[in-house]
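Q: Okay, predicted coordinates and the sequence, questions at the end:
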Amino acid sequence: MSSPSATLTVWAASWLAGDSAPDDVIDALAAWAPMHLIGAADADTAAALGLGWPGITDGGAPMLLRVLRRAGNISPAELRLVLPAAGDVRGLPARTDFADAALSTGEGVLIGEPGSAGFGLVPVVEGPDVLRWTVYSVPNVSGPAEHIGLGEAEYSMREVVRNAAAALLQLQTVPTGTPTDDARAKIAEALSEHAHHRYPESLSSRALRVLDSADQVAAILTVAEHDSTNEAPSVSAIQARESMLRPLWAAVRSARMAAAASVATHHPASGQ
């Protein structure tokens, strides 16, 4: 799993659909941090969800499940992963504190039916063993800016894997024209970071392939961004690199959001 928000979205959707137990969600979140702190962004949000104000509410990861219960009769389809980035704010509710926070961290979870009032959750690392979740009220939950099915996402990832490898070759200015062993080791290390995060059994094999491909591309792009052998690249070289990698990162985000959304497709009306 690539982020705490992805873990919460996928596992909570599986729980709401009746395919996973609450303890499964809690165990999956514990892989990110043993301590989870939950706090509301404002007094009104705290009152609506029964959270303490000001400050945090005790309860750890189980409190996240209580927040979902208190948010209403939420169905799996009403949990949506968002992965915004600078210049790519697809699916964020405009002009909201949640949107600002999600953009700052690069992730978040929207809760609620599109077009209705709802909530948003954004995690922030507060220490080596602490993850703090802030709950925001969202006056009007936005729908996804685009719908990408798993078939389209899987097809796209095949091409993106090739393009990412080509980008790494181009940015790794080595005389042999191939990535160094050091780059390969760094890619393997980046992939291993995701390996200890479990997926629900209800996740389809196609969704798993999409997520694995997205992780592979993300690892390659991370190395390409930070491991170019150009010691002092020019401004134009930096801009060219960003232009090359930006659409690849966008494809990774789209694939991950499509895979997360697929958990709800078999149980669109389920609630708990």
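A: Cool, got the structure.
Q: ranges for the strands of the stretch 151-272 of the chain?
A: Along the stretch 151-272 of the chain, counting by DSSP state E, counting those that start in this stretch, no stretch forms strands.
Q: how about the helices in the stretch 1-150 of the chain?
A: 4-16, 22-30, 43-49, 61-70, 97-105, 150-171 (DSSP state H, counting those that start in this stretch).
Q: just these: most buried one?
A: helix 4-16 (a mean of 27; mean count of other C-beta atoms under 10 Å). Heads up, the C-betas are built off the backbone N, CA and C, glycines and all.
Q: correct me, but residue 129 touches residue 30?
A: No - at 10.4 Å, residue 129 does not count as touching residue 30 under the criterion of C-beta atoms under 8 Å.
Q: Average pLDDT for whichever helix in the chain runs longest, rounded please.
A: Secondary structure of the chain per DSSP state H: the longest helix is helix 235-261. Across helix 235-261, pLDDT averages out at 83.
Q: Just the buried positions in that helix, please.
A: Neighbour counts using 16 or more other C-beta atoms under 10 Å place 241, 244-245, 248-261 of helix 235-261 among the buried residues.
Q: which intervals of the stretch 101-250 of the chain have sub-threshold pLDDT?
A: Across the stretch 101-250 of the chain, residues meeting the criterion (pLDDT under 70) sit at 145, 172-181, 194-195, 227-238.
Q: Quick check: which of the helices of the stretch 1-150 of the chain is nearest to residue 76?
A: Residue 76 lies closest to helix 4-16 among the helices of the stretch 1-150 of the chain, at 3.9 Å (C-beta to C-beta).
Q: helices or strands next to that closest one in the packing?
A: helix 22-30, helix 61-70, strand 79-82, strand 108-111, strand 118-127, helix 235-261 (3 or more C-beta pairs under 8 Å, 6 or more residues apart in numbering; DSSP states H and E).
Q: who touches the closest residue to residue 39 other than its chain neighbours in this structure?
A: For residue 39, ignoring the flanking residues on the chain, the nearest one in space by C-beta to C-beta, 6 or more residues apart in numbering is residue 56 at 4.4 Å. Neighbouring residues of residue 56 by C-beta atoms under 8 Å, 6 or more residues apart in numbering: 37-39, 132.
Q: so how far is residue 220 from residue 56?
A: Residue 56 is 38 Å from residue 220, where distance means C-beta to C-beta, to the nearest Å.
Q: ok, residue 116 - contacts?
A: Here residue 116 is in contact with 140-141 (C-beta under 8 Å, 6+ apart).
Q: Quickly list what the nearest residue to residue 59 once chain neighbours are set aside is bridged to.
A: Leaving aside its chain neighbours, residue 59 sits nearest to residue 38 (6.3 Å; criterion: C-beta to C-beta, 6+ apart). For residue 38, the beta-bridge partners are residue 57, residue 133 (DSSP bridges).
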